[in-house]
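Asker: Dropping the sequence and predicted coords here.
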Amino acid sequence: SQQGEEDPQALSIQEGENATMNCSYKTSINNLQWYRQNSGRGLVHLILIRSNEREKHSGRLRVTLDTSKKSSSLLITASRAADTASYFCATASHSQGAQKLVFGQGTRLTINP
Amino acid sequence: KAGVTQTPRYLIKTRGQQVTLSCSPISGHRSVSWYQQTPGQGLQFLFEYFSETQRNKGNFPGRFSGRQFSNSRSEMNVSTLELGDSALYLCASSLVTSGGQETQYFGPGTRLLVL
């Protein structure tokens, strides 16, 4: 079963704009991870945020986590055509088994040149 | 370090056959997890192996099985294939620490088509 609900399901923006994707989950977590997938290929890990962290940055990526609302957001600033991909959030918790990731349905992001 | 590798990359089988997929984790990673990705169900956890033992299992029928070898390489097997088993099968490896906050690194996947 899918724990995460991602919003929006699809997002299309112009190159240079910022893209924000949201993820909500249901159970308590140890950490939340964001992944990118290009057109049916493997998943590329973007960032991991622990349950005791509120915000994390990596290059043009900014992730926030609100455990009281059981939600996270991924912001990509100054988007590029190469950012076109599907983005997934995934949660990990001891109750699920530490290595078991539960994925959301993903947001399909399209960057228009 | 080399990334996670999966073989074969593409596979076509017919209903009723069985298939074995292979995954080589990143050197030093002892945990290997398998996921199935389909358009309808999304990414779903199959199972996880650590030190040759299955530690966690998802909600899949017994036709799906796996194993891990002493060098941490893992295989998954699907017997009596059904059309609905057509999917991208992804393997991920991670470095297990006591903190339990490990990143999982995914391979390119094996795309299985069942006819």
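Answerer: Looks like it came in fine. Residues are numbered from 1 along each chain as shown, chains lettered A, B, ... in the order given.
Asker: can you list the weak-confidence ranges in the chain?
Answerer: Using chain A. A:1-4, A:94-99 (pLDDT under 70).
Asker: not what I meant, chain B
Answerer: Across chain B, the ranges flagged by pLDDT under 70 are B:1, B:97-101.
Asker: Which residues of it lie near chain A?
Answerer: B:4, B:31, B:33, B:35, B:42-45, B:48, B:50, B:55-56, B:58-59, B:88, B:90, B:92, B:94, B:96, B:100-109, B:111 (CB under 8 Å from any CB of the partner chain). Heads up, the C-betas are built off the backbone N, CA and C, glycines and all.
Asker: check which helix or strand covers the residue of chain B found nearest chain A.
Answerer: Chain A sits closest to B:Asn56 of chain B, with a gap of 3.5 Å, by CB to the nearest CB. Taking DSSP states H and E as the definition, one finds B:Asn56 inside strand B:53-57.
Asker: Give me the packing partners of that strand, helices and strands only.
Answerer: Applying 3 or more CB pairs under 8 Å, 6 or more residues apart in numbering or on different chains; DSSP states H and E, one finds that strand B:53-57 contacts strand B:42-50, strand B:64-68.
Asker: now with 7 Å?
Answerer: strand B:42-50 (3 or more CB pairs under 7 Å, 6 or more residues apart in numbering or on different chains; DSSP states H and E).
Asker: Listing partners with orientation, what would you give for the strand it packs on?
Answerer: Here strand B:42-50 has these sheet partners by DSSP bridges: strand B:31-38 (antiparallel), strand B:53-57 (antiparallel).
Asker: residues contacting the residue lying closest to B:Leu11 once chain neighbours are set aside?
Answerer: The spatially closest residue to B:Leu11, leaving aside those adjacent along the chain, is B:Leu112, at 4.9 Å (CB to CB, 6 or more residues apart in numbering or on different chains). Applying CB atoms under 7 Å, 6 or more residues apart in numbering or on different chains to B:Leu112 gives the contacts B:11, B:13, B:19, B:85-87, B:89.
Asker: Then A:Arg60?
Answerer: A:76-78.
Asker: again with B:Leu113
Answerer: B:Leu113 neighbours (CB under 7 Å, 6+ apart): B:12, B:86.
Asker: for B:Gly28, same thing?
Answerer: B:Leu95.
Asker: quick one: secondary structure of it?
Answerer: The local conformation at B:Gly28, judged by DSSP: H, G, I helix; E, B strand; the rest coil, is coil.
Asker: With adjacent residues omitted, what lies nearest to the residue positioned nearest the centre of chain B?
Answerer: Against the mean C-alpha coordinate of chain B, by CA atoms, centre = their mean, the closest residue is B:Trp34 at 2.9 Å. The shortest distance from B:Trp34 to any non-neighbouring residue, by CB to CB, 6+ apart, is to B:Leu46 (4.0 Å).
Asker: can you check B:Gln6 too?
Answerer: Of all residues beyond its chain neighbours, the one nearest B:Gln6 is B:Gly107 (4.1 Å), with distances taken as CB to CB, 6+ apart.
Asker: mind listing the strands in chain A by residue range?
Answerer: In chain A, the segments counted as strands under DSSP state E are A:5-7, A:10-14, A:19-24, A:31-37, A:43-50, A:55-58, A:61-66, A:71-76, A:85-92, A:101-103, A:107-112.
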